[in-house]
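> Test case, fold it:
(chains A and B)
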2 protein chains.
Amino acid sequence: MILEARTIKKDIIDNLNKEVSKLKTIPFLVVIQVGDNPASNTYIRNKAKMCEQVGYKFELKKYPEDVTEEYLLKEIDKINNDNNVNAILVQMPLPKHINETTIENSINPLKDVDGLTDINMGMLAHKKDSLYPCTAIGIIDLLDYYKIPIEGQNIVILGRSNLVGRPLLELFINRNATVTLCHSYTKDLPKITKKADILVVAIGKKKYITKDMIKKGSIIIDVGINKDNDTICGDVDYNDVIDKVKSITPVPGGVGQMTVAELGKNILKAYNLQKHK
Amino acid sequence: MILEARTIKKDIIDNLNKEVSKLKTIPFLVVIQVGDNPASNTYIRNKAKMCEQVGYKFELKKYPEDVTEEYLLKEIDKINNDNNVNAILVQMPLPKHINETTIENSINPLKDVDGLTDINMGMLAHKKDSLYPCTAIGIIDLLDYYKIPIEGQNIVILGRSNLVGRPLLELFINRNATVTLCHSYTKDLPKITKKADILVVAIGKKKYITKDMIKKGSIIIDVGINKDNDTICGDVDYNDVIDKVKSITPVPGGVGQMTVAELGKNILKAYNLQKHK
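Numbers count the residues shown, from 1 in each chain, chains lettered A, B, ... in the order given. Here you go, the predicted structure:
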């Protein structure tokens, strides 16, 4: 089975649209961009489009490449304290003279729709409801949509980023999976990946996972989005593994679809969290 | 090899004693106790003794069993704002009418020497320096003391508590180990534990781990402290596994020793963190 996610994204956006139309005030996302990175421009356009589809208010605040960290922190502080703004997102990467983790942690945790503040990560690791990173929670929602069991499954995650691997590890533990986290220091990787009922790959290496590295009948979640000549491909060699897997997410049309949809969910969640404070 | 920890504890306390004797002000730990649980009394006595040995100032604030959560929060707020106090610890368990996680998170993170606040857990998961739970960091220090490599090792942790399993998982990942977290929902546990180069057991079930569940030549870290008639024993059946392991922590005299020593280290760390704020 191909774990296609365009339909899920459409469902999520339709549902959000219905919910938002009942609200008295319109949830408002502010995206902060520094410089003019072309990839960032594309990602931001996708976010703006999602906001339009749901019916959220959207604003892009664009700062020059040489903006100082101090100035940016003051700007974020203003937006943190603006009661009209419900959600804040800083588009990464930032120029090297700006400390990304300082910027991430300057965001009001109740408006932190990327789930990158230390406190939101800690709440997740303590099994509390908070704003979780979009791609990580998107993978959980995708598995739930296709009724793929998580509890008691042996799940192997490749990659330990703050955006995917680490929060996903905690989300899976909270859902009673047995989880193994692997990375560049892991020895004898195929021995471990071959034991996985569910294998999540988020390492940014194109077509890295081949059929000799997976278990027959396993479920493969491919988080990679890599350039491959004029097209894009995942971290998994899709054509190589397809006959051996039970299910797999396509690239494009898989996990990437969930990320934007979950941002939409997080904006409404942030809006509601703020109303109850 | 028996990974005995009494000597390590003594070394840590001696070193802290030297460092503290050079300070102009004396670091100060306040322990909050509700009710009169006999086990809690013993734990608190051990902490007081450590403080005496290091040269820390120690105070026990004891509240009646029926103290309200609201009153306790006000008391903690006072201590949070008392610049003479550098470290605060609430002795668990608390009576059922008090929410433990609310109390834990009311402590100033810079004074949170148990490392139980959400923000300190989040900083750990984001690979930042913060106050880590004593038992978890004690296990890292014990392995380092005996020069047991962590990087690239296959480590299996049994148990996912906020005090041990979850922070230890993050500490091991930060040290480049490949980590698998198991718990009560894990299927076919022996198959997983048998793959472990290092097996950490923190489940509170006496002599649960037997030789048929471990790999020959592995390293066993036993966090359990269970009553066994008139004596205490770990979560591992020590006599059963001893001929098959490379190294093992004894119970008593192992991980438990590290916990109090690490509290000593955390108090000085908290003191220094506050000076640099």
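
> Check what contacts the least confident helix or strand in chain A by mean pLDDT and list those residues.
In chain A, no helix or strand scores lower on mean pLDDT, DSSP states H and E than strand A:226-228, which sits at a mean of 93. Strand A:226-228 has contacts (C-beta atoms under 8 Å, 6 or more residues apart in numbering or on different chains) with A:204-207, A:232-235. Where C-beta positions appear, they are placed from N, C-alpha and C, glycine not excepted.

> in that strand, what's buried?
Using 16 or more other C-beta atoms under 10 Å in any protein chain shown as the test for burial, strand A:226-228 gives residue A:226.

> mind listing the helices for chain A?
With helices called from DSSP state H, chain A shows them at A:6-21, A:38-54, A:69-80, A:100-106, A:118-125, A:134-145, A:165-174, A:189-193, A:238-241, A:255-275.

> Please identify the most buried of the ones you listed.
Of these, the one with the most neighbours on average (mean count of other C-beta atoms under 10 Å in any protein chain shown) is helix A:118-125, at a mean of 26.

> re the thing from before, can the helices of chain A go into CSV with extra columns for distance to residue B:268 and mean pLDDT?
Conversion of those to CSV gives the following (distance: least, C-beta to C-beta, whole Å; pLDDT from 0 to 100):
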stretch, distance to residue B:268, mean pLDDT
helix A:6-21, 49, 98
helix A:38-54, 43, 96
helix A:69-80, 31, 98
helix A:100-106, 25, 97
helix A:118-125, 22, 98
helix A:134-145, 36, 98
helix A:165-174, 29, 98
helix A:189-193, 39, 98
helix A:238-241, 52, 98
helix A:255-275, 37, 97
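
> re earlier: what two of the contacts of strand A:226-228 are the furthest from one another?
The span of the contacts of strand A:226-228, defined through C-beta to C-beta, is set by A:205 and A:232 at 13.6 Å.

> related to what we said a few turns ago, looking at the helices of chain A, spot the one closest to chain B.
The closest of the helices of chain A to chain B is helix A:118-125. By C-beta to the nearest C-beta, the value is 2.9 Å.

> Pull that closest one out as CSV, backbone CA atoms only.
C-alpha atoms of helix A:118-125 as CSV (Å, rounded to 0.1, in the frame of the first residue of the first chain):
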residue,chain,number,x,y,z
ASP,A,118,13.0,23.9,24.8
ILE,A,119,9.9,24.0,27.0
ASN,A,120,7.7,22.5,24.3
MET,A,121,10.2,19.7,23.7
GLY,A,122,10.4,19.1,27.5
MET,A,123,6.6,18.9,27.8
LEU,A,124,6.5,16.4,24.9
ALA,A,125,9.2,14.3,26.6
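
> Return the list of helices and strands in contact with that helix.
Contact here means 3 or more C-beta pairs under 8 Å, 6 or more residues apart in numbering or on different chains; DSSP states H and E; on that basis helix A:118-125 packs against helix A:165-174, helix B:118-125.

> what residues does the shortest one touch?
With C-beta under 8 Å, 6+ apart as the test, helix B:118-125 has contacts from A:117-123, A:125-126, A:128, A:166, A:170, B:105, B:109, B:112, B:115, B:129-132, B:162, B:166-167, B:170-171, B:174.

> That one: how far from the chain's middle?
15 Å (C-alpha atoms, centre = their mean, to the nearest Å).

> by how many degrees do it and helix B:134-145 diverge?
Angle of helix B:118-125 versus helix B:134-145, following axes from the mean of the first three to the mean of the last three C-alpha atoms, to 10 degrees, is 20 degrees.

> The first one too?
Orientation check (the same axes, to 10 degrees): helix A:165-174 against helix B:134-145 gives 120 degrees.

> Helix A:165-174 and chain B, any residue contact?
Yes. Under the criterion of C-beta under 8 Å from any C-beta of the partner chain, chain B is reached by helix A:165-174 at A:166, A:169-170, A:173.

> can you pull the pLDDT of residue A:277?
Residue A:277 carries a pLDDT value of 64.

> Which residues of chain A lie near chain B?
A:101, A:117-123, A:125-126, A:128, A:151-152, A:154, A:160, A:162, A:166, A:169-170, A:173, A:176-183, A:185-187, A:192.

> most centrally placed residue in chain A?
By C-alpha atoms, centre = their mean, chain A has its centre lying nearest to residue A:135, at 1.9 Å.

> For residue A:159, which non-adjacent residue is closest in space?
Closest residue in space to residue A:159, ignoring its immediate chain neighbours: residue A:202 at 3.7 Å, by C-beta to C-beta, 6 or more residues apart in numbering or on different chains.

> I meant to write residue A:242 there.
Nearest to residue A:242 is residue A:248, by C-beta to C-beta, 6+ apart, at 6.7 Å.

> Can you tell me who the one you found pairs with across the strands?
The partner list for residue A:248 in beta bridges (DSSP bridges) reads residue A:2, residue A:220.
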